[in-house]
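Novice: coordinates for the following, if possible.
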Amino acid sequence: MLKSFKVLSLTDAAADRIKAIIADAEKPIAGLRVGVKNGGCAGMSYTMEYAEGRNPGEDMVEDRGVTVFVDPKALLFLLGTEMDFKTTKLSSQFVFNNPNQTSSCGCGESVAITPANPEALRASA
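Specialist: Coordinates of the predicted model:
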């Protein structure tokens with residue numbers, strides 16, 4: 001039997017922050033949409049935006065009382081990622097603990113990500 005893999009999981013801190021974002025939104029939103037885009041000195045950046053609903057082909061993650069939609073183009077890049085929210089003296093930000101991330105730039109704005117290999121995942125199940 002093939003074990004299923006969770007695309008994305010949330011920490012309590014990330015879920016609490018997403019709940020606050022949804023509560024403060026100017027119009028009703030269903031959750032957040034997460035993806036990746038090309039750019040930055042390391043090659044890719046994580047993206048987040050309000051989501052009014054699920055787009056065709058998107059994975060929907062419901063975890064800790066919130067909904068996150070995963071852009072289908074980002075699926076293999078985000079497979080197994082834990083989304084956290086960290087606050088320090090100088091900043092507050094979402095942090096992606098991604099097993100597919102191979103490096104990041106010095107400023108922390110972009111990352112290098114190798115897509116997950118679905119065949120390797122099936123073999124390890």
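
Novice: now do S104, the pLDDT please.
Specialist: Confidence at S104, expressed as pLDDT, is 64.

Novice: also G43?
Specialist: Reading off the per-residue confidence, G43 sits at a pLDDT of 74.

Novice: could you do L79 as well?
Specialist: 89.

Novice: looks like it contacts V36 (just checking).
Specialist: No - look at L79 against V36 with C-beta atoms under 8 Å: they stay out of range, at 11.7 Å. Every C-beta, even on glycine, is put in place using the N, C-alpha and C of the backbone.

Novice: which one's more surrounded, the two?
Specialist: When L79 and V36 are compared on other C-beta atoms under 10 Å, the one with more neighbours turns out to be V36, at 24 against 21.

Novice: not counting sequence-adjacent ones, nearest residue to the more buried one?
Specialist: Take V36 and drop its neighbours on the chain: the residue closest to it by C-beta to C-beta, 6 or more residues apart in numbering is A74, 4.5 Å away.

Novice: how close does the one you found get to M44?
Specialist: The spacing between A74 and M44, counted by C-beta to C-beta, to the nearest Å, is 9 Å.

Novice: now do the shared contacts for these two.
Specialist: When C-beta atoms under 8 Å, 6 or more residues apart in numbering defines a contact, the residues bordering A74 and M44 alike are V36.

Novice: looking at those two, which one has more neighbours?
Specialist: A74 (24 against 18).

Novice: identify all contacting residues around the helix or strand that contains K19.
Specialist: According to DSSP states H and E, K19 maps onto helix 12-24. The contact list for helix 12-24, computed with C-beta under 8 Å, 6+ apart, reads 10, 29, 31-32, 50, 63-66, 68, 83-86, 94.
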